[in-house]
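> give me coordinates for this.
(2 chains)
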Protein chains: 2
Amino acid sequence: MTITGEMLIGSARVRGKEGMFRAIDPSSGKELEPAFGEGGPAEVDQACALAWAAFDAFRETGFEPRARLLEEIAQRILDIGDELIERATSETGLPRGRVEGERARTVGQLRLFAEVVREGSWVEARIDPALPDRTPLPRPDLRLRMVPLGPVAVFGASNFPLAFSVAGGDTASALAAGCPVVVKAHPAHPGTSELVGRAVQAAVADCGLPEGIFSLLFGAGIEIGGRLVADPRIKAVGFTGSRRGGLALMEISARRPEPIPVFAEMSSINPVFILPAALASRGQEIGKDLVGSLTMGAGQFCTNPGLLLAQPGQGLDGFVSAASGAITSGPSATMLTSGIFAAYQAGVDRLERHPKVEALARGQIGAGGNQGRSVLFATDAETFRSDPVLKEEVFGASSLLVRCRDIHDMRSLAEELEGQLTITLQMDPEDLDSARILLPTLERKAGRILVNGFPTGVEVAHAMVHGGPFPATSDSRMTSVGTLAIRRFLRPVCYQSFPGPLLPEPVRDGNPLHLWRRIDGKLARE
Amino acid sequence: MTITGEMLIGSARVRGKEGMFRAIDPSSGKELEPAFGEGGPAEVDQACALAWAAFDAFRETGFEPRARLLEEIAQRILDIGDELIERATSETGLPRGRVEGERARTVGQLRLFAEVVREGSWVEARIDPALPDRTPLPRPDLRLRMVPLGPVAVFGASNFPLAFSVAGGDTASALAAGCPVVVKAHPAHPGTSELVGRAVQAAVADCGLPEGIFSLLFGAGIEIGGRLVADPRIKAVGFTGSRRGGLALMEISARRPEPIPVFAEMSSINPVFILPAALASRGQEIGKDLVGSLTMGAGQFCTNPGLLLAQPGQGLDGFVSAASGAITSGPSATMLTSGIFAAYQAGVDRLERHPKVEALARGQIGAGGNQGRSVLFATDAETFRSDPVLKEEVFGASSLLVRCRDIHDMRSLAEELEGQLTITLQMDPEDLDSARILLPTLERKAGRILVNGFPTGVEVAHAMVHGGPFPATSDSRMTSVGTLAIRRFLRPVCYQSFPGPLLPEPVRDGNPLHLWRRIDGKLARE
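So this is what the prediction gives:
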């Protein structure tokens, strides 16, 4: 497939005329062909108009056609073949194996949402039958189902060029819900975006669905995204990226005549609490494995372990020396963009200059551009407590070890943390009481709590939560990974005393879709 | 029970010293004893500190104790007896029968949430068992449950002194979720609020639960409510009231260092579409019954039918004459407060002065203060379309009939409406095709769609939605009435690879709570 640099607006390819940009290979700093034309107000308007026009028809497509669309998108992404892997590798500097794994995850995610659509519980059908003889007043027949919100603006994330991008979790869950999607491609991987976008566009056409359910816009700056979120036909937003970016979108939404839900996944330092018995028995092993999680993908994961908490005592020295050894011997890695690399360097410099923060180990410097060196810092609890800068995310392979006095010190530090995507406990069975002391705080602070694992590697599953209290996300009640992600884009409608022929299929008598439904409050499949 | 004018802060009674106010009997304009002391920053701080201190313990109470709390509150509200009915009647001008009905609804609502808590599906337990042999990577054990957000600020509404007030739907659903509640009493019914608040306070003590799970604050102005929403220990807001009030709370939340979910139910004109066959066959009956819904409770319902749409033709004259007759012969009714009465008068005056709006009928003027006269206005579709003022809510028994050319005119008018709590169809079987033309628009515009009913009279049930797109509410994905209301105050947490003893009970092996759970995506109760 030739990458053309054109946007996709419904079934058309449109060359943007507001400016142009090229992708950059971050390992060489070289520009990649072709040039991408940037869209402007006209293209936002066209994409939103098509999305809006498609919405009523798309939201009433049956479960089966909608599931087939998701499967067709998955297949067509696979069909692109090696070209996709190569382009994504060139645009991101990520290793081939990582990109292949991410493709598998992206395809699996689309197929999982196809299953979700078919199973149908996302409709949350409820029926309270009429009680005509109830006194003092009869009860009318009440039926509830979920309906999609409307067209969704999706922002591709730089660090997951497939799984959190054009056909990633936001798009998959929005389409599954019945929402048309307008994607603003991340300018760091426009070629990857175009390839995947064309797979989606072709799948929409193949399935005979309205062209407006998918468009893809390019823009190197922030204007086009802001305009998209402000468009009155957009009814929800999915975003994964920086805190500044997420806050900007939240503000644009709040200022709309009609505010809309923004799910922004923004920042997290993913604390790891290493409890005493585990530290004593497995300190070295934990240190080594943690560095593996820290440095994976140049540390550019939302769930990267940026904060380690441990108490001095047996095992801490072994932990530090193993972690330091792994850092020191580890190669540098190409970061996604020169901007991300510069921000990482600034974050590391800030810690290096901090009078009460010690650099325990620094990774190798390799050849090539934008080489992120991993770093392990250390400080004490008082310093960490007193300086808000130390609680900020440094996006990349930098982590800070905080030495805590005891478990109560750990808990009080946990209380001071902002909201997190994940918090991890490294613990042995003897640490159970300590874990119990921490757990209530951890539950209030994070969307996911792990035991003896590493926070990177987010499973796409039914029980996954990739969310958490602000500023991890803009709405802790939602998740952007896992099947519950569909809920971001649905709202309930109640149908009161509807005649049978006018009722939507999911809440009709006789349960024609064979759904799990709540009848008078009780789950039943009849 | 003597009404003291004191606030309730945890288990204490505290006299506010920031100022004082009295309730006013709106029918006589006379002040009612006693004086209520207004709280300030110190009391907000105390209530929030207690709520925060109580949160961790309260959220882990078992389902049974929490259900019993709700039932105990219900019983203690009933135990207040006639004093509550009399005080609420004096403070609101609402008829005794209406207040008694509202008490029954409030008590029923608390008992329904007790059932919801016991049934346990609100926990949304999900388990994805580990797949240690999966390739290329094993899957860890993942378990999900819903946890409460934290202390909730609840604002009593003037128009439902019991059902949307101190122990109304917001409080019931927040407590059911495991959230402590700090209520800002509506200054129009402080005595009713104190009586109910003391019932809640006593129930908390009886059940041996932490005192901080309930506090009640007084203030005649907006300062104390704003301060409450800005308090960092408050994690969600439930509000029913004016658009201006709701928008102000949304803005306070958005400006917090940590923004929080605000569910504000704000405004709705609840359009009623009278389709041609129904108009022809039942025009007179519909006209009479609609006026019954319009004038109930002096028209002071969130779901009051403020907009009627019909096509000229057979039946419209009969409809107009029956509705006009019912309006003209109907008595005036005491409105809740002089402020609401003044706003109603201003809204009616605005319509009366409108050159293209005709007053079809005006109700009687009765004796007493704050007497709202019902009014029926009429205009044509072009006028309605061109003047945004005509789409605004006039809170009270005023309704506007818009004459539409045909069903397509009706649909295009529906498209121009803002979000609504309800939209009603009056239809006969012959109107089915017309209804099908309207339905997609109505589903996008409203939280509840009724056929051949009247929007007032919101059932508290599993399938109810009292919500809708902005500005009906601040978040169309939620509802403030019905059992789904609990979702406003819950967020998911994922537990990854937890050892059995550390797992929360709802997601333990063996299903000790006998919950419906989603195992590997499939619902099961095992």
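> so where's the stretch 201-350 of chain A shaky on pLDDT?
In the predicted model, the stretch 201-350 of chain A carries no residue with pLDDT under 70.
> for it, which residues are neighbours of chain B?
For the stretch 201-350 of chain A, the contact set with chain B under CB under 8 Å from any CB of the partner chain comprises A:Met250, A:Glu251, A:Ala254, A:Glu258, A:Pro259, A:Ile260, A:Pro261. From N, CA and C alone the C-beta is placed, and that goes for glycine too.
> excluding its backbone neighbours, what's nearest the third one?
If you skip the residues right next to it in sequence, A:Ala254 has B:Ala254 as its closest partner in space, 5.0 Å away by CB to CB, 6 or more residues apart in numbering or on different chains.
> which ones are touching the one you found?
A:Met250, A:Glu251, A:Ala254 (CB atoms under 8 Å, 6 or more residues apart in numbering or on different chains).
> in which helix or strand would I find it?
Element membership of B:Ala254 [criterion: DSSP states H and E] is helix B:243-255.
> quick one: that helix to chain centroid distance?
In terms of CA atoms, centre = their mean, to the nearest Å, the centre of helix B:243-255 is found 17 Å from the chain centre.
> using CSV, write down the CA coordinates of the helix or strand following that helix.
Helices and strands here follow DSSP H and E; after helix B:243-255, the next one along the chain is strand B:262-265. What follows is strand B:262-265, C-alpha atoms only, in CSV (Å, rounded to 0.1, in the frame of the first residue of the first chain):
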residue,chain,number,x,y,z
VAL,B,262,-20.9,16.5,39.4
PHE,B,263,-24.3,15.0,38.7
ALA,B,264,-26.5,18.1,38.3
GLU,B,265,-30.1,17.7,37.2
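> can you tell me what sits against strand B:262-265?
With CB under 8 Å, 6+ apart as the test, strand B:262-265 has contacts from B:170, B:229, B:236-241, B:245-247, B:249-250, B:253, B:302, B:421, B:466-467, B:472-475, B:478, B:480, B:488.
> mind checking which of these land in strands?
Residues of the contacts of strand B:262-265 located in strands (DSSP state E): B:Ala236, B:Val237, B:Gly238, B:Phe239, B:Thr240, B:Leu421.
> so can I have a markdown table of the residues you listed showing neighbour count and distance to chain A?
Formatted as a markdown table, these follow (neighbours: other CB atoms under 10 Å in any protein chain shown; distance: CB to the nearest CB, whole Å):
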| residue | neighbour count | distance to chain A |
| --- | --- | --- |
| B:Ala236 | 27 | 9 |
| B:Val237 | 26 | 13 |
| B:Gly238 | 30 | 14 |
| B:Phe239 | 28 | 15 |
| B:Thr240 | 29 | 17 |
| B:Leu421 | 29 | 10 |
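> mind checking how far the residue nearest to A:Gly150 when sequence neighbours are not counted is from A:Val154?
Nearest residue to A:Gly150, sequence neighbours excluded (CB to CB, 6+ apart): A:Lys235, at 3.1 Å. Counting by CB to CB, to the nearest Å, the gap from A:Lys235 to A:Val154 is 12 Å.
> comparing these two, which residue is more hemmed in?
Neighbour totals were compared for A:Lys235 and A:Val154, and A:Val154 leads with 31 against 26 (other CB atoms under 10 Å in any protein chain shown).
> and that one, what does it touch?
Contacts of A:Val154 were listed using CB under 8 Å, 6+ apart, and they are A:Val166, A:Gly168, A:Asp170, A:Thr171, A:Ala174, A:Val181, A:Val182, A:Val183, A:Lys184, A:Val237, A:Gly238, A:Phe239.
> try 6 Å
Going by CB atoms under 6 Å, 6 or more residues apart in numbering or on different chains, A:Val154 touches A:Asp170, A:Thr171, A:Val181, A:Val183, A:Gly238.
> contacts for the longest helix seen in chain A next, please.
Across chain A, the longest stretch assigned as helix under DSSP state H is helix A:96-119. Helix A:96-119 is touched from outside by A:63, A:66-67, A:70-71, A:73-74, A:77, A:85, A:88-89, A:162-163, A:169, A:172, A:176, A:297, A:460, A:483, with contacts defined as CB under 6 Å, 6+ apart.
> got a quick ChimeraX command for the buried subset of these?
The ChimeraX command for the buried members of these (criterion: 16 or more other CB atoms under 10 Å in any protein chain shown) is given here:
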select /A:63,66,67,70,71,73,74,77,85,88,89,162,163,169,172,176,297,460,483
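> got the residues of the stretch 51-200 of chain A near chain B?
Residues of the stretch 51-200 of chain A lying close to chain B (CB under 6 Å from any CB of the partner chain) are A:Asp56, A:Arg126, A:Asp128, A:Arg139, A:Pro140, A:Leu142, A:Arg143, A:Leu144, A:Val147.
> okay if I get the residues you listed as CSV plus neighbour count?
Converted to CSV, those look like this (neighbours: other CB atoms under 10 Å in any protein chain shown):
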residue, neighbour count
A:Asp56, 15
A:Arg126, 28
A:Asp128, 24
A:Arg139, 15
A:Pro140, 20
A:Leu142, 25
A:Arg143, 23
A:Leu144, 29
A:Val147, 21
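> let's have those in a markdown table, adding pLDDT.
Below are these laid out as a markdown table (pLDDT from 0 to 100):
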| residue | pLDDT |
| --- | --- |
| A:Asp56 | 97 |
| A:Arg126 | 98 |
| A:Asp128 | 98 |
| A:Arg139 | 96 |
| A:Pro140 | 98 |
| A:Leu142 | 98 |
| A:Arg143 | 98 |
| A:Leu144 | 98 |
| A:Val147 | 98 |
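> in helices only, show me those residues.
Among these, DSSP H puts A:Asp56 in helices.
> which members of the residues of the stretch 51-200 of chain A next to chain B occur in strands, if any?
Taking DSSP E, the ones among these that sit in strands are A:Arg126, A:Asp128, A:Leu142, A:Arg143, A:Leu144, A:Val147.
> what is the most widely separated pair among those?
Farthest-apart pair in those is A:Asp128 and A:Val147; separation 18.2 Å (CB to CB).
> before we move on, back to that, which of the contacts of strand B:262-265 count as buried?
Among the contacts of strand B:262-265, the ones that count as buried by 16+ other CB under 10 Å are B:170, B:229, B:236-241, B:245-247, B:249-250, B:253, B:302, B:421, B:466-467, B:472-475, B:478, B:480, B:488.
> what's near enough to touch A:Glu31?
A:Arg22, A:Ile24.
> excluding its backbone neighbours, what's nearest A:Ile85?
Per CB to CB, 6+ apart, closest to A:Ile85 is A:Val99, 5.3 Å.
> neighbours of the one you found, how many?
When neighbours are counted by other CB under 10 Å, A:Val99 registers 22.
> sorry, back to before: and the longest helix of chain A, C-alpha only, in CSV?
The C-alpha trace of helix A:96-119 is given here as CSV (Å, rounded to 0.1, in the frame of the first residue of the first chain):
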residue,chain,number,x,y,z
ARG,A,96,10.3,-4.8,15.8
GLY,A,97,9.2,-7.4,18.4
ARG,A,98,7.5,-4.8,20.4
VAL,A,99,5.5,-3.5,17.4
GLU,A,100,4.6,-7.0,16.4
GLY,A,101,3.3,-7.7,19.9
GLU,A,102,1.4,-4.4,19.9
ARG,A,103,-0.2,-5.4,16.6
ALA,A,104,-1.3,-8.7,18.1
ARG,A,105,-2.8,-6.9,21.0
THR,A,106,-4.6,-4.4,18.8
VAL,A,107,-6.1,-7.1,16.7
GLY,A,108,-7.0,-9.1,19.8
GLN,A,109,-8.7,-6.1,21.2
LEU,A,110,-10.8,-5.5,18.2
ARG,A,111,-11.9,-9.2,18.2
LEU,A,112,-12.6,-9.1,21.9
PHE,A,113,-14.9,-6.1,21.4
ALA,A,114,-16.6,-8.0,18.6
GLU,A,115,-17.4,-10.7,21.2
VAL,A,116,-18.6,-8.1,23.6
VAL,A,117,-21.0,-6.7,21.0
ARG,A,118,-22.4,-10.1,20.2
GLU,A,119,-22.8,-11.1,23.8
